[in-house]
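Colleague: only geometry, no sequence info:
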């Protein structure tokens, strides 16, 4: 029978009986009878999806988009179906965003796919466009930093995280991300400043102190001499002290405390060096490195009581 309503009732009856194959056949016949009925096509696409028949689902969704190219539900389902079938959905995400350039969510989805495809430069173009539409979205800046890191542009990655931090200036984890980027850039002074921000924001754990220890340790490892100078020993001791402080507050991240402890006599400033220090240094009750390579060091090393 060519009666569409009758076949709809028949398909529904098969569904109630759990006869999926017969329900599917009825919907396929309905598609032939009403090839531009989007509701019917959506129902058939859903049936194919439930049966993991993703290739057939894709064909139906493409039919829907041929009828209504801006159908957002079909665009979203098509992207998911492509992924489920093992095909690259990137073109689907691109078309969906190109057709809806004011849709922030679509832009972020497309940029995320570009990043996963190692197309950092293309992702940056999309994210810049997204941010120009809405400069208050935190996710866009996170993705922009990720894309910048992907193309080894660490300076712009740091700037992106700094803009993110302006939106949410209480996020200590972002401060640590920024500090890490400045470590990679060997801008240790900026790395320390962001570690200090993390300390002020993360009072419930030792992550900020651990980050400061990391900055000092990697800075020391970058500039240390052979044999170790007094300045090297001061910076190594600062790193050690911050790792100790971090551990006492539950820190479990990057930590060179054990190595520094095992090599303390060779590496750390301690009682022997304090004993040999001149009277002016002892009167000041504090030690700072004087070498230009350590001009970024902000802490003063205080002598311990046992010295």
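Modeller: Arrived safely, thanks for sending. Values in this document were obtained by computation on a predicted structure and should not be read as measured data.
Colleague: for residue 53, grab the count of nearby residues.
Modeller: Look at residue 53: counted by other Cβ atoms under 10 Å, it has 17 neighbours. Yep, even glycine has a C-beta here, placed from its N, CA and C like the rest.
Colleague: then the one 3 residues further on?
Modeller: Applying the criterion other Cβ under 10 Å, we find 19 residues in the vicinity of residue 56.
Colleague: measure residue 25 to residue 40 for me?
Modeller: For residue 25, the distance to residue 40 equals 14 Å [Cβ to Cβ, to the nearest Å].
Colleague: between the two, which one's more packed in?
Modeller: residue 40 (20 against 15).
Colleague: so the more buried one touches residue 34, yeah?
Modeller: Yes: Residue 40 lies in contact with residue 34 (Cβ atoms under 8 Å); the separation is 5.7 Å.
Colleague: how about low-confidence regions in this structure?
Modeller: Within the chain, the stretches with pLDDT under 70 are 1-2.
Colleague: how about residue 41, secondary structure?
Modeller: Secondary structure for residue 41, judged by DSSP: H, G, I helix; E, B strand; the rest coil, is helix.
Colleague: show me what contacts it?
Modeller: Applying Cβ atoms under 8 Å, 6 or more residues apart in numbering to residue 41 gives the contacts 31, 60, 63-64, 67.
Colleague: in contact with residue 299, which residues?
Modeller: For residue 299, the contact set (Cβ under 8 Å, 6+ apart) comprises residue 238.
Colleague: which SS class is it?
Modeller: Following three-state DSSP, we place residue 299 in the coil state.
Colleague: so where do the strands sit in the stretch 101-250 of the chain?
Modeller: With DSSP state E, counting those that start in this stretch, there are no strands along the stretch 101-250 of the chain.
Colleague: can you map out the helices along it?
Modeller: For the stretch 101-250 of the chain, the helices defined by DSSP state H, counting those that start in this stretch occupy 104-116, 120-133, 138-150, 154-167, 172-184, 188-201, 207-223, 230-248.
Colleague: what's in contact with the third one?
Modeller: Same thing as helix 138-150. Contacts for helix 138-150 (Cβ under 8 Å, 6+ apart): 104, 107-108, 111-112, 114-115, 118, 120-121, 123-124, 127-128, 130-131, 134, 154, 156-158, 160-161, 163-164, 167-168, 177, 181.
Colleague: ok, the last one next?
Modeller: Applying Cβ under 8 Å, 6+ apart, the contact partners of helix 230-248 are 206-210, 212-214, 216-217, 219-220, 223-225, 228, 251, 253, 255-257, 260-261, 264, 267-270, 273, 287-291, 294, 297, 299, 301.
Colleague: go again with 6 Å.
Modeller: Residues from elsewhere that reach helix 230-248 (Cβ atoms under 6 Å, 6 or more residues apart in numbering): 206, 209-210, 212-213, 216-217, 220, 224, 255, 257, 260, 267-269, 287, 289, 291, 294, 299, 301.
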